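*Asks:* Pasted the sequence and its predicted model underneath.
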Amino acid sequence: MAQVVALIDDLFFLSKLLETAKQVGVDLRTCATADALGAEIAQAPPRLVVVDLNANSDPLQAFERMRASGAEIPSIGFLSHVQVDLAERARAAGCREVMPRSKFTQNLATILARAKSDER
């Protein structure tokens, strides 16, 4: 079971995410589409779902599907700090926590390490 599943299609940021997960000892699976994320979650619910809200594959659909399935999985969406409308739409779609990309990046190791423990 992956502890963290991430929907991200930015290759530069993906490599940072994978390296940080490796450093903190977190099993991370990545998906490039909302459909792939849904399939990954259906196999085995992770402890955390991370979504790049600027992904090209309709990231809000991923949250809507999780909510429709009844999955109670902690989730974090990240985006540019100026995208207030997108942040509100993500919350409405079911994203539990939305944060600016800069804050997410700054706290990435801590966020991933929390997923490794029972803290949610």
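*Replies:* Cool, the structure landed.
*Asks:* Which residues belonging to the lowest-mean-pLDDT helix or strand in the chain are considered buried?
*Replies:* Least confident helix or strand of the chain, by mean pLDDT, DSSP states H and E, is helix 59-69 with a mean of 86. Using 16 or more other CB atoms under 10 Å as the test for burial, helix 59-69 gives 59-63, 65-66. Any C-beta I mention is one placed from the backbone N, CA and C, and that applies to glycine too.
*Asks:* what's the closest of these to F78?
*Replies:* P59 (10.1 Å; CB to CB).
*Asks:* Excluding residues flanking it in the chain, which one is nearest the closest one?
*Replies:* V51 (4.8 Å; CB to CB, 6 or more residues apart in numbering).
*Asks:* Distance check, the one you found against D58.
*Replies:* Separation of V51 from D58 (CB to CB, to the nearest Å): 11 Å.
*Asks:* angle of whichever strand or helix holds G38 against helix 59-69?
*Replies:* Using DSSP states H and E, G38 falls within helix 34-43. Angle, helix 34-43 to helix 59-69, by axes from the mean of the first three to the mean of the last three CA atoms, to 10 degrees: 30 degrees.
*Asks:* Much appreciated, bye for now.
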